[in-house]
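Participant: curious how this folds, go ahead:
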Amino acid sequence: MAKLSSEKMDVVITVAPERAVLAMGLLSGYLDTFFDFVQNEMADPDMPFDDSIRDDMHSIISEVFDKCIAQTNIPERMQNMIELEELTGGIMPSQEEN
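Facilitator: Residues are numbered from 1 along each chain as shown. Sure thing, here's the model as predicted:
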């Protein structure tokens, strides 16, 4: 089996940024579990998944996440939610009793 290339190049894709942020967040959360599975269950001596590959993949996910979140208003929405929570003492308007 051929060794994985680490050569970098520009890749252009078209995505819905908010969905890409969600996908990258989920992928990032499960990447270590995936690596553990591959190392333990599908070990291939011709294609070792060492820490440098794991680190590179985390870096790639973070870069895609950062570039996509910059195209959304998610940070502002999160900041607004934090400010609202502080103003209401943790009781969001949808949680108020009628």
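Participant: number of residues surrounding residue 66?
Facilitator: Neighbours of residue 66 under the rule other C-beta atoms under 10 Å: 11. All C-beta spots, glycine's among them, are computed from the backbone N, C-alpha and C.
Participant: with residue 7 instead?
Facilitator: Residue 7: 4 neighbours (other C-beta under 10 Å).
Participant: let me know the secondary structure of it.
Facilitator: coil (DSSP: H, G, I helix; E, B strand; the rest coil).
Participant: roughly how far apart are it and residue 30?
Facilitator: 26 Å (C-beta to C-beta, to the nearest Å).
Participant: helices along the chain, start to end?
Facilitator: For the chain, applying DSSP state H gives helices covering 17-41, 51-69, 74-88.
Participant: residue 68: what's it in contact with?
Facilitator: 15, 17-18, 20-21, 24 (C-beta atoms under 8 Å, 6 or more residues apart in numbering).
Participant: which among the helices of the chain is found nearest to residue 11?
Facilitator: helix 51-69 (9.8 Å; C-beta to C-beta).
Participant: buried stuff in the closest one?
Facilitator: Burial within helix 51-69, assessed by neighbour count using 16 or more other C-beta atoms under 10 Å, is assigned to 54, 57, 61, 64-65, 68-69.
Participant: C-alpha coordinates for it, PDB please?
Facilitator: Listed next in PDB are the C-alpha coordinates belonging to helix 51-69 (Å, rounded to 0.1, in the frame of the first residue of the first chain):
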ATOM      1  CA  ASP A  51       0.800  10.800  16.200                       C
ATOM      2  CA  SER A  52       2.000  13.000  13.400                       C
ATOM      3  CA  ILE A  53      -0.800  11.900  11.100                       C
ATOM      4  CA  ARG A  54      -3.300  12.300  14.000                       C
ATOM      5  CA  ASP A  55      -2.000  15.800  14.600                       C
ATOM      6  CA  ASP A  56      -2.100  16.700  10.900                       C
ATOM      7  CA  MET A  57      -5.700  15.600  10.700                       C
ATOM      8  CA  HIS A  58      -6.700  17.600  13.700                       C
ATOM      9  CA  SER A  59      -5.000  20.600  12.200                       C
ATOM     10  CA  ILE A  60      -6.800  20.100   8.900                       C
ATOM     11  CA  ILE A  61     -10.200  19.800  10.700                       C
ATOM     12  CA  SER A  62      -9.400  22.900  12.700                       C
ATOM     13  CA  GLU A  63      -8.500  24.900   9.600                       C
ATOM     14  CA  VAL A  64     -11.700  23.900   7.800                       C
ATOM     15  CA  PHE A  65     -13.700  24.700  10.900                       C
ATOM     16  CA  ASP A  66     -12.100  28.100  11.400                       C
ATOM     17  CA  LYS A  67     -12.500  29.100   7.700                       C
ATOM     18  CA  CYS A  68     -16.200  28.000   7.700                       C
ATOM     19  CA  ILE A  69     -17.100  29.600  11.000                       C
END
